[in-house]
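Enquirer: when you get a sec, could you give me coordinates for this:
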Amino acid sequence: MKDIKNLIKKSSINKLNVDKKVVSILLVFLILVSTLLISIVVSTNSLSALRGFASFQTNWTSARKDVTFQLVNYLRTQDHTFKENMDSSIFLIQEMEHIRVELMKVNTDRELVVELLEKTHSVPDDIGRMITTFENFHEFSEFRETIALSIESDSIIIDMEILGNTAERIINEGKLTPEVQESLISEVIALDDKLTQMQFRLSRSLAIGTDLLNMVIVIVIISLVIISIVIGAIFSLRFLRSVRKWSEEIELSEQKYRSLFDQNPNAVFSVSPVGKLINANKVLEGLIGYTAEEMKNSTFRRFVDKSQVKRVRNYFLLALRGRSLTYETNILKNDGSYLYAEVTNLPIIVDGEITGIYGVINDITHRKEAEQRIKDQLVEKTYLLSEVHDRVKNNLALVSTLVQLQQNEMEKESRSNGFVSTVSRIRSMALVHERLYQNETFSSIRMDEYIQDLIENIQSKGYQKTSKPEVELNTSPVSLSIEQAIPTGLLLNEVLINAFKYGSDSLKPVIIVSLTEHEGEVTIKVADNGPGLPKNFELDRPETLGFKLVSVLLKQLKAGFTINNDNGATFIFRYKIQNPVTSKRSMKQRLAN
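Expert: Numbering: from 1, shown residues only. Just a heads-up that it's a prediction; the model follows:
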């Protein structure tokens, strides 16, 4: 290219002695190698979907090699630091095994897999594609072979771990003789040889997916070898080549580079340091509908949405400072439409100077459209779920109203307890849906806020027999899923009604309600200073409907309970908060249905 020609002319035309020509030949060789290496980077980065699997395998291989290295050094030096390093590498391999096991499940926990892949130092941008590719193609023979080999390799790693533990025991007991040491090292090397064979077989099973990449690399390597042979022959046989011969060699090198540029399967372009487009390949022409000649000397402002101009310019300036960056933007096509593109800017570095920018464009329109469809579907399902909670709340309110109307038509004596309690129970469930309806999400509600609403509702019903009790609230922010919130609400309703009914018989009735959470366990306490419970009261054998409900709800929540009858009745309930992952999975199933 022009930058290469100018650099060669500057170093050779005015300096025709033998020493200067030797320097020029070496300089040409180094520039060509640098250019070809940059081309290799451009080609390999374009295959980002396969990059994730290659990175994953590399991390596994590195961890496996480190296990062998650390164990051998541990046996030779008895330094426990090597054993600790070995255990760390084995832990990383076990995390990778965990990833495979999770991916093989029918209902893969994608969030857990993403978290595990990040721990194994996988490229974050590739993780989603790795999971999707595995889900779609793990039944193929190549993937099945890879999985089988991985399982077999993991068993050898287990043997290596057992061997390491055996070595540690022998060292700690002071029984490591030279003969035992050499025997153990031989076993380690034998296991490492097996793992090396497994690695070769794993690489072969993944090779089918990287055929295109291998072909490009082979072409580049062959070109590099040919150029090296030609320049080496010239350097050895003729030190006094003419300037014309130099030009011919440079032109030949440029043609080979041009072939790599033009035949690249990705949309590639080059930009000058002032931001003007110098050249573009055929793939880019087909992608946006302009010819390279039509685009020549244009700036990115012509092809980028106005709202993105400043952002794209910043990425361009960062690339001019030597940083390789990837970003997303909209690109204007010749027909007036836009495509979503992933653009990678790579600085062109010649002899330590940045002489321009290479750009590689990946069309991600289909991916963006799919993401938007998913977002739209999520909004729709969220709206539908909101409607469900609203209708449940309204239906419960309707049932409550009908019960109250029936209550009004009955005799005062017969309606004083049963109907009022039933209405209160319905209201306690309706409050859960009311809270969910007011939340931004529908997976959980704040129980501290719910308790305050429930107490206000019970107070309005007038359960107290004499004076109105003073209520002391001591609640912490605790969120529960709907699966736990409804039975908890019913449980609180029954216990609070009991406290308001019978705890208000004292001169200064006080009801204490507390809600706390510690290490995933919630504790609920309701206490009053009334006369207390009957002496023969047992919650395991309840006599009233209310306490029968309490007994059933405690079993549903898998809760433990404590009842204290000193200075009034005190109820304490404890149970584990539902696992957030389980709650999310349950929510996803409801959305899917």
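Enquirer: give me the contact list for stretch 527-535.
Expert: If you take C-beta atoms under 8 Å, 6 or more residues apart in numbering as the criterion, stretch 527-535 is touched by 469, 499, 502-506, 508-512, 563-571. Every residue, glycine included, has its C-beta placed from N, CA and C.
Enquirer: helices - which of these land there?
Expert: Applying DSSP state H to those, the entries found in helices are Ala499, Tyr502.
Enquirer: now intersect the contacts of stretch 527-535 with the strands, please.
Expert: Val510, Ile511, Ile512, Ile563, Asn564, Thr570, Phe571 (DSSP state E).
Enquirer: count the neighbours of the second one for me.
Expert: Translated: Ile511. 23 (other C-beta atoms under 10 Å).
Enquirer: partner residues bridging it?
Expert: For Ile511, the beta-bridge partners are Val471, Asp528 (DSSP bridges).
Enquirer: strands paired with the longest strand seen in the chain, and their directions?
Expert: Assignment by DSSP E gives strand 338-350 as the longest strand of the chain. In the sheet, strand 338-350 lines up against strand 325-332 (antiparallel), strand 353-363 (antiparallel) (DSSP bridges).
Enquirer: deepest in the core, which of these is it.
Expert: strand 353-363 (a mean of 19; mean count of other C-beta atoms under 10 Å).
Enquirer: contacts for it?
Expert: With C-beta under 8 Å, 6+ apart as the criterion, strand 353-363 contacts 3, 38, 42, 45-46, 48, 266-273, 278, 284, 287, 316, 319-322, 331, 339-349.
Enquirer: one more time with 6 Å, if that's ok
Expert: 3, 42, 266-273, 319-320, 339, 341-348 (C-beta atoms under 6 Å, 6 or more residues apart in numbering).
Enquirer: want to try TSV for the strands paired with strand 338-350, with distance to Arg64 as columns?
Expert: Below are these laid out as TSV (distance: least, C-beta to C-beta, whole Å):
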stretch	distance to Arg64
strand 325-332	30
strand 353-363	33
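Enquirer: dump those strands to a markdown table, plus distance to Ile127 and mean pLDDT.
Expert: Listed next are the strands paired with strand 338-350 as a markdown table, based on distance: least, C-beta to C-beta, whole Å; pLDDT from 0 to 100:
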| stretch | distance to Ile127 | mean pLDDT |
| --- | --- | --- |
| strand 325-332 | 15 | 85 |
| strand 353-363 | 17 | 86 |
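Enquirer: between those strands, which gets nearest to Ile156?
Expert: Closest of these to Ile156 is strand 325-332, at 37.6 Å (criterion: C-beta to C-beta).
Enquirer: can you tell me the element Ala190 falls in?
Expert: In the assignment (DSSP states H and E), Ala190 maps to helix 178-207.
Enquirer: packing partners of that helix?
Expert: helix 48-77, helix 141-172 (3 or more C-beta pairs under 6 Å, 6 or more residues apart in numbering; DSSP states H and E).
Enquirer: picking up where we left off before, which of the ones in strands among the contacts of stretch 527-535 are buried, as a ChimeraX select command?
Expert: The ChimeraX selection below is limited to those of the ones in strands among the contacts of stretch 527-535 classed as buried (16 or more other C-beta atoms under 10 Å):
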select :510,511,512,570,571
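Enquirer: what's the closest of the ones in strands among the contacts of stretch 527-535 to Ile374?
Expert: For the ones in strands among the contacts of stretch 527-535, the nearest to Ile374 is Phe571 (46.2 Å; C-beta to C-beta).
Enquirer: thought the closest one was touching Val526?
Expert: Yes. Using C-beta atoms under 6 Å, Phe571 is in contact with Val526, at 4.9 Å.
Enquirer: now the common contact residues for these two.
Expert: Counting by C-beta under 6 Å, 6+ apart, the residues touching both Phe571 and Val526 are Val495.
Enquirer: is the nearest residue to Tyr338 once chain neighbours are set aside bridged to anything, and to what?
Expert: Of all residues not flanking Tyr338 in the chain, Asn330 sits nearest, at 4.4 Å (C-beta to C-beta, 6 or more residues apart in numbering). Counting by DSSP bridges, Asn330 is bridged to Tyr340.
Enquirer: what's the most buried one of the helices and strands packed on helix 178-207?
Expert: Highest mean neighbour count among the helices and strands packed on helix 178-207 (mean count of other C-beta under 10 Å): helix 48-77, a mean of 18.
Enquirer: does Leu92 touch Ser62 like I think?
Expert: No. Contact criterion C-beta under 6 Å: Leu92 and Ser62 do not qualify, at 8.9 Å.
Enquirer: where does Leu176 land in three-state SS?
Expert: coil (DSSP: H, G, I helix; E, B strand; the rest coil).
Enquirer: what's the neighbour count on it?
Expert: 15.
Enquirer: how about it, what does it touch?
Expert: Going by C-beta under 6 Å, 6+ apart, Leu176 touches Ile170.
Enquirer: tell me how far it lies from Gln70.
Expert: Look at Leu176 and Gln70: by C-beta to C-beta, to the nearest Å, they are 16 Å apart.
Enquirer: again, but for Asn498
Expert: 64 Å.
Enquirer: next one: Val350
Expert: 43 Å.
Enquirer: how far does stretch 541-550 stretch from one end to the other?
Expert: Chord length of stretch 541-550, first to last residue, is 11 Å (C-alpha to C-alpha, to the nearest Å).
Enquirer: got the buried residues for it?
Expert: Neighbour-count burial for stretch 541-550, counted by 16+ other C-beta under 10 Å, picks out Gly546, Phe547, Leu549, Val550.
Enquirer: which one of those residues is nearest Glu118?
Expert: After measuring the buried residues of stretch 541-550 against Glu118 - C-beta to C-beta - the closest member comes out as Val550, at 45.0 Å.
Enquirer: can I assume the closest one is in contact with Leu496?
Expert: No. Taking contacts as C-beta under 6 Å, Val550 lies outside contact range of Leu496: 11.3 Å.
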